[in-house]
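[1] Show me how the following folds:
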Amino acid sequence: MRRYADITGIPYTRVLTFVFMLALSFIAIFDDGTHCFFSREAMWIAMGLGVVIFIISLISDLFLSLYAILFCAFFLQRIVVIYFFPEELDYQRHLQYEQSTFVTAMLFLLGSSISVLLGYLFARKRSIMSSANKTKDDASLSAITIFQRKTSIEELFNYYFYVAFPLVLLRLSLMLFAGVGVTSLAFDRGWALIYRISDLSSSFSVCAFVVILLEKCAPKIRKMAFTIICLNFIVLIVGTSKTSLFMLYVNYLLACVLLRKQVTQRAVLIGVGIFVVTFYVYAPVATMMRSWLVAINSVGIYDATIVFTQAMHSYRADLSHSAFFFMQRLGGFDWLVAFLSCGRDVFPWWVSFSGFMIEIVNSLVPGDLIVVPGYISVSKIMPMMFRGYASLDDFIGHAENMGVFSMAYVYFTIWGAMIFFFIWAYISVKILRSTVSVVIKLLYLTCFVMTLFAGGSLVTSVARFYEALLMILFCYIMMQFNARKAVPRNVIRKQYVSK
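    Model prediction:
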C-alpha cells in the first residue's frame, strides 16, 4: 500500500513569498519619498505586509499556502509593478487618487492578513487532527458518506458522468448555436432555466481530478474523468475564459495536495510553463475572441473578423503590453484602491450585505424570487463608476471583479472586514481538518477560496457550491434507486413481513 506525505502547504510557496518580501523591503529602504502614489509610510507598511505573508507561508497548512499564493498574485505583484510603472495602475484616467488612500489600503490589507493568521491559530488550537485525516491509504481517501450511505468517490463519479455528459453537450450546443453562456454576450431570459440546468454539468467537475489521481481507480472510471475534464475545457474555450488553462492546473494541484500526493518538481515546472503560455498567448487570444464574438452581434462576421485580425497584428507588435495586461487582470490591489477612493456610500443600496442576501436567495433558483427595481450587478457598476461609462450600452461585453478584500470593505466596513477574514480563516481550517470527504474539501477550496478571492462574489461561491450539492444529491438518488432495483422482490417482501 502506497503511503502519502502529510497534508501541508503548496510547494515553493515560501520561495515566492520570500522573493516578494525582499522586493518590498528593498523598495521601502531605498525609497526617496517622491513616488506619485506610494508615500514612504505606505511602503514601510507594505514591507510589513510582505513579512506577514512570508510568516503565513511558513506554516504548513493548505489554506494558508493558498492564501499566500493568491495574495502574492493579486496584491504584492501589483504593488511592485505599480511602484516601478505607475502608469499601469488601473482606473487612474477617471479617478483621482491621493497618497492617503494607498496608506489606508496597506493598513487594511495588513490588518486583514493578521486576522486570517489569528483565525487559523484559533481554529487549530481548538481542533485536533482527526484520525481520518491521518490515514493515508487509497481506500480511506476515496471513501465518502452521503446521508449515512457509505460509498466511494469512484462510484459517485460513475453516476455523475452519466448525468453530466449530456448536460455538457447541451451547454456546448447552447453556446455554439444560440450564443447562450458565452462570456460577454447577453442572452434572452427565456433561456435562463435551460442554461441553468446545463450549467450543473461543471459544478462537480473538480471530482474528476480526484478520480484520476487515485491509484486503484478502475480504467473505465479514469477514462470517464478524463472525458469530463476535456469537455469542460472545451466549454471554457468556447466561453472565452481567459484563465481556464491555468485553473485546470490549479484544480489538479489542489487535488494532489488533498490526496497527499507528492507534487514533483516537473509538475511545478509544467505549471510555470502553463502560466507563461496563459500570460502571453492564451489570455490575449481569449480577450480578442471575446471582442470578436461581441462584434459579430453588432457589425457582422466580416467586419468583426477584420477587427480580430488587426488586434492580432497589434498583439504581435507589443508582447510587453500583453504581460502588463495579464498582470492587471490580477489587479486585486487596483480594485481595492478604487473602492477606497470612491467610498462605500456612492454605490446603490443593493451593493451591501442586505443586497448580498437578496442575491443569494435569487441565485438558488432560476429567475428572481425578490425583484430589485433598477438592479445592476457590481461587475457592471464598476466600469461605470471607475471608468466613467455613462450607460450599459457603452461597454457591452465588459464586466469586472471586485475581489474578496473590496467585497469585505463594501459589505462590512473596514473593521467588520477584519472579523469577516477571521471567521473565513477559522471555518476554512475547520473544514480542511475535519473528516469531510476529499471531494467536499476540494469543492470548498474552489468555491469559497479560489472563486471568492479572485471574484469577490459570495453569491457565485454559494451558487456553485449549492449546484455541486444538488448534483451529489441527484447521484445519491440514482444510487438508492439502483440499489433497491437490484434487490429481488421476494427479499423486499420478506423484510417487510419481518417488520
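[2] hey, let's count contacts and neighbours off CA atoms from now on
    Noted.
[3] Just the mean pLDDT for stretch 358-365, thanks.
    For stretch 358-365, mean pLDDT rounds to 73.
[4] what's in contact with it?
    368-370, 459, 462-463, 466 (CA atoms under 8 Å, 6 or more residues apart in numbering).
[5] so which of those comes closest to Phe74?
    Val459 (20.4 Å; CA to CA).
[6] residues near that closest one, how many?
    The number of residues packed near Val459 is 18, by other CA atoms under 10 Å.
[7] can you pull the contacts of Phe38?
    Contacts for Phe38 (CA under 8 Å, 6+ apart) come out as 83, 99, 102-103.
[8] wait, is it part of a helix?
    No - counting by DSSP: H, G, I helix; E, B strand; the rest coil, Phe38 falls outside a helix, being coil.
[9] How much space separates it from Met21?
    Using CA to CA, to the nearest Å, Phe38 is found at 17 Å from Met21.
[10] Can you give me the buried ones in stretch 153-163?
    Buried residues in stretch 153-163, counted by 16 or more other CA atoms under 10 Å: 153-161, 163.
[11] Val81 and Asp90 touch, don't they?
    No - using CA atoms under 8 Å, Val81 is not in contact with Asp90; the gap is 11.6 Å.
[12] ok, those two, which is more surrounded?
    Asp90 (20 against 17).
[13] tally of neighbours for Leu174?
    If you count neighbours by other CA under 10 Å, Leu174 ends up with 18.
[14] ok, so what distance separates it from Val372?
    Applying CA to CA to Leu174 and Val372 gives a distance of 28 Å.
[15] likewise Thr243?
    Taken as CA to CA, the span from Thr243 to Val372 is 32 Å.
[16] Show me the helices in the stretch 151-300 of the chain, by range?
    Using DSSP state H, counting those that start in this stretch, the helices of the stretch 151-300 of the chain run over 153-173, 192-199, 207-213, 219-238, 244-258, 265-277, 283-299.
[17] Out of these, which gets nearest to Ile423?
    helix 244-258 (22.1 Å).
[18] Point out the other elements, helices or strands, that the closest one touches.
    Counting contacts by 3 or more CA pairs under 8 Å, 6 or more residues apart in numbering; DSSP states H and E, helix 244-258 packs against helix 207-213, helix 219-238, helix 265-277, helix 438-445.
[19] Quick check: mean pLDDT of the third one?
    When pLDDT is averaged over helix 265-277, the result is 78.
[20] what angle do that helix and helix 244-258 make?
    Per axes from the mean of the first three to the mean of the last three CA atoms, to 10 degrees, the angle that helix 265-277 makes with helix 244-258 is 160 degrees.
[21] returning to what we had before: to Phe347, which of the helices and strands packed on helix 244-258 lies closest?
    Among the helices and strands packed on helix 244-258, the nearest to Phe347 by CA to CA is helix 438-445 (29.9 Å).
[22] where does the closest residue in space to Arg40 that isn't next to it in sequence land in three-state SS?
    Distances taken as CA to CA, 6 or more residues apart in numbering put Gly33 closest to Arg40, at 5.3 Å, once the chain neighbours are dropped. State at Gly33, reduced to three classes by three-state DSSP: coil.
[23] Please work out how many residues are found near Gly33.
    As a burial measure, Gly33 scores 14 neighbours (other CA under 10 Å).
[24] Also Val346?
    A count of nearby residues for Val346, using other CA under 10 Å, gives 10.
[25] I'd assumed it was in a helix, is it?
    No - judged by three-state DSSP, Val346 forms no part of a helix; its state is coil.
[26] ok so, going back, kindly reformat the helices and strands packed on helix 244-258 as TSV containing distance to Phe75 and mean neighbour count.
    TSV is the format used below for the helices and strands packed on helix 244-258 (distance: least, CA to CA, whole Å; neighbours: other CA atoms under 10 Å):
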stretch	distance to Phe75	mean neighbour count
helix 207-213	29	23
helix 219-238	26	18
helix 265-277	17	14
helix 438-445	20	22
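[27] which of the ones you listed has the lowest average pLDDT?
    helix 265-277 (a mean of 78).
[28] name the helices or strands packed onto that one?
    So helix 265-277, by 3+ CA pairs under 8 Å, 6+ apart, packs with helix 244-258.
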